[in-house]
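S.K.: Take a look and give me a structure for this.
(chains A and B)
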Amino acid sequence: EPEVTQTPSHQVTQMGQEVILRCVPISNHLYFYWYRQILGQKVEFLVSFYNNEISEKSEIFDDQFSVERPDGSNFTLKIRSTKLEDSAMYFCASSEVYSGSYEQYFGPGTRLTVT
Amino acid sequence: RKEVEQDPGPFNVPEGATVAFNCTYSNSASQSFFWYRQDCRKEPKLLMSVYSSGNEDGRFTAQLNRASQYISLLIRDSKLSDSATYLCVVNIPKDSSYKLIFGSGTRLLVRP
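M.R.: Next up is the predicted model:
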């Protein structure tokens, strides 16, 4: 069964450093998303991406964040200057079509720890 | 009012029990509805989509009441492996975009 993969599984970084989280969506999916989940809290939408551009972003997704699809398979989330409050699980998701009726499938997540 | 509201639980039930979870959502324009399950420190995994006519998948039955903005999940014959957090999820349409809004989850513990 095809699945979304993410690397690394755990990233530890110092405050102020840049991090890049990587995702490989399911191969025939065209729509990509990033979500985050702070420990003990609910999953929160960050950004959606289609056709090499951002479709929607949340208030959390400020200028410190960027997304990119550098090649035909990877989808990345960059945090330019990490803050302590960026510590969370970051989940990548993909869906076949951009419609409310189609399910999104999640990767296993990257645990980001900012010290 | 929260966009998606769930009873956090935990629901502590014996194996074989039937358990029901409820969820309410605030945006009447929400188009699609899902139940995901999440194991501790793992990713959300799609359990089932929820349709207006109601739908069933084995031991799991989901119902949607658009008028009351209410979604339910029924689990029959609970197994130990059903222990997890169950996330009620809706999409909030904005222009032509689509994002998922998650509830905080209802924790289920199935005991032997």
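S.K.: what's the burial count for the residue lying closest to A:D63 once chain neighbours are set aside?
M.R.: Excluding the flanking residues, the one nearest A:D63 by CB to CB, 6 or more residues apart in numbering or on different chains is A:R80, at 7.8 Å. No exception for glycine: its C-beta is placed from N, CA and C like everyone else's. A:R80 has 13 neighbouring residues, counting by other CB atoms under 10 Å in any protein chain shown.
S.K.: Let me see the contact set for A:R80.
M.R.: A:18, A:63-66 (CB atoms under 8 Å, 6 or more residues apart in numbering or on different chains).
S.K.: Check B:L80 too.
M.R.: B:15, B:110-112.
S.K.: Quick check: it vs chain A, distance?
M.R.: 23 Å (CB to the nearest CB, to the nearest Å).
S.K.: circling back to that earlier point, per-residue confidence at the residue nearest to A:D63?
M.R.: Looking at A:R80, its pLDDT reads 96.
S.K.: Please tell me how far it sits from chain B.
M.R.: From A:R80 to chain B the distance is 23 Å (CB to the nearest CB).
S.K.: Tell me the residues on chain A that lie near chain B, please.
M.R.: A:31, A:33, A:35, A:41-45, A:48, A:55-56, A:58, A:89, A:91, A:93, A:98-101, A:103-109, A:111 (CB under 8 Å from any CB of the partner chain).
S.K.: circling back: between the contacts of A:R80, which is nearest chain B?
M.R.: A:F65 (15.1 Å; CB to the nearest CB).
S.K.: list the contacts for that closest one?
M.R.: A:46-47, A:57, A:77-80.
S.K.: Please repeat the previous calculation with a cut-off of 10 Å.
M.R.: A:34, A:36, A:46-47, A:57-58, A:77-80, A:86 (CB atoms under 10 Å, 6 or more residues apart in numbering or on different chains).
S.K.: What of A:T7?
M.R.: By CB under 10 Å, 6+ apart, the neighbours of A:T7 are A:20-24, A:74, A:107-108, A:110.
S.K.: List the contacts of residue 47.
M.R.: Picking chain A for this. Shown in contact with A:V47 (CB under 10 Å, 6+ apart): A:32-35, A:54-58, A:60-61, A:65-67, A:77, B:99.
S.K.: you looked at the wrong chain, it should be chain B
M.R.: Listed by CB under 10 Å, 6+ apart, the contact set of B:L47 reads B:34-38, B:57, B:60, B:62, B:73, B:75, B:84, B:86-87, B:89.
S.K.: Which secondary structure element is home to it?
M.R.: Under the criterion of DSSP states H and E, B:L47 resides in strand B:45-50.
S.K.: shouldn't A:T5 be in contact with A:F91?
M.R.: No: with contact defined as CB atoms under 10 Å, A:T5 does not reach A:F91; the gap is 11.8 Å.
S.K.: Can you spell out which helices and strands pack onto the helix or strand bottoming out on mean pLDDT in chain A?
M.R.: The weakest-scoring helix or strand in chain A, judged by mean pLDDT, DSSP states H and E, is strand A:53-57 (a mean of 90). Helices and strands touching strand A:53-57, by 3 or more CB pairs under 10 Å, 6 or more residues apart in numbering or on different chains; DSSP states H and E, are strand A:31-37, strand A:44-50, strand A:65-68.
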